[in-house]
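In: here is the input, now give the coordinates:
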Amino acid sequence: VPCSPLRLVADVESLMRVRANAKSIALESSLLTDVPAMIHSDPTRIRQILVNLVGNAIKFTEHGGVRIEVSLKPSAAPTLQFDVVDTGLGMTDEQAARLFQPFTQADTSTTRHFGGT
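Out: Numbers count the residues shown, from 1 in each chain. Next up, the predicted model:
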C-alpha cells in the first residue's frame, strides 16, 4: 500500500524514544540521500522490523546512541535502505553470519546481563 517512509521512521523513533531516554542514550534518525515521500510497501512489516532492530540496538547500547539512517540506492529497481547504527557491543562475524538462520541465542551470557532473547 502507499506509505511514507519518513512517517514510518518518525513513528519508530517516537515509540522507542522512551526506552532510549530511560538508558540516557541518544536516538536519532537521518536521511543520507533524497528519499521519496511515498512508496508502495508493507508499512506494518517495515515498522515491525525497525522496532525490533532499534529495540535490540537500544538494549545492547550502554553509552552513546542509536541512529536510524535512510537512503535511496539508485538502480533499475531503486531500493530504499534502512540502517540501524549503534555504539553498542556489536556482533562477531560468526554471529552476524547466523542472522537469517532459525533462531538461536548469539551469546547466552548476554541474556543474563541484558535479558530477553
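
In: just for the protein, where's the confidence low?
Out: Within the chain, the set of residues satisfying pLDDT under 70 comprises 103-117.

In: where exactly do the helices run in the protein?
Out: 5-22, 43-59, 93-97, 108-114 (DSSP state H).

In: can I get these in a markdown table including distance to T87 and mean neighbour count?
Out: Bear in mind the C-beta positions are built from the backbone N, C-alpha and C, glycine included. Formatted as a markdown table, the helices of the chain follow (distance: least, CB to CB, whole Å; neighbours: other CB atoms under 10 Å):
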| stretch | distance to T87 | mean neighbour count |
| --- | --- | --- |
| helix 5-22 | 12 | 16 |
| helix 43-59 | 9 | 17 |
| helix 93-97 | 17 | 10 |
| helix 108-114 | 15 | 11 |
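
In: can you put these in CSV and add distance to V35?
Out: CSV is the format used below for the helices of the chain (distance: least, CB to CB, whole Å):
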stretch, distance to V35
helix 5-22, 6
helix 43-59, 13
helix 93-97, 26
helix 108-114, 32
